[in-house]
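# No letters, just coordinates:
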């Protein structure tokens, strides 16, 4: 009976199917939560930040949500120094998000743009694609700085 089941890895239905199921569950994309390392995609001086807290939701942050993060890697002459606690807006998330037209958007990495407490970006440029869902979350200034809107 190993031919027509829900066999995702095209393996025979034996004990190897358990291995296949555990492999797929390890690849599952989740929320941006505490201790998640994110890439910074603006020119504020930081390269990588680690999420300390998601400001909305108990599970974690998604596209357009604001987080509190700690700078883990920074350029030597940037506006932000290593160890500083900053606010950031999630602009790319590996977890998929459904759109109104039925399509789904997901990115290869988790990325953030650093902002101040009022929500204004610290940097003056945003690199890479940015989803247009940020407009509904009132982050229009980030969209104007972005080069490509997905």
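Cool, got the structure. The model shown is predicted, which means the values in this text are computed figures rather than measured ones.

# Reduced to three states, what does residue 112 come out as?
In the three-state summary, residue 112 is assigned as strand, counting by DSSP: H, G, I helix; E, B strand; the rest coil.

# Find the residue closest to it in space, skipping its chain neighbours.
Among residues not flanking residue 112 along the chain, residue 88 sits closest, at 3.9 Å (CB to CB, 6 or more residues apart in numbering). No exception for glycine: its C-beta is placed from N, CA and C like everyone else's.

# Spit out the contact partners of that neighbour.
The neighbourhood of residue 88, defined by CB atoms under 8 Å, 6 or more residues apart in numbering, consists of 38, 40, 49, 66-69, 112-115.

# most neighbours, which of those residues?
Neighbour counts for those were taken using other CB atoms under 10 Å; the highest belongs to residue 112, which has 29 neighbours.

# which residues does that one bridge with?
When bridges are assigned using DSSP bridges, the partners listed for residue 112 are residue 40, residue 90.

# how close does it get to residue 30?
For residue 112, the distance to residue 30 under the criterion CB to CB, to the nearest Å works out to 16 Å.

# Any chance of the contacts of residue 88 in a markdown table with distance to residue 56 and pLDDT as columns?
As requested, the contacts of residue 88 are arranged in a markdown table below (distance: CB to CB, whole Å; pLDDT from 0 to 100):
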| residue | distance to residue 56 | pLDDT |
| --- | --- | --- |
| 38 | 16 | 94 |
| 40 | 20 | 95 |
| 49 | 18 | 96 |
| 66 | 7 | 92 |
| 67 | 9 | 93 |
| 68 | 11 | 94 |
| 69 | 15 | 95 |
| 112 | 15 | 95 |
| 113 | 16 | 95 |
| 114 | 18 | 95 |
| 115 | 14 | 94 |
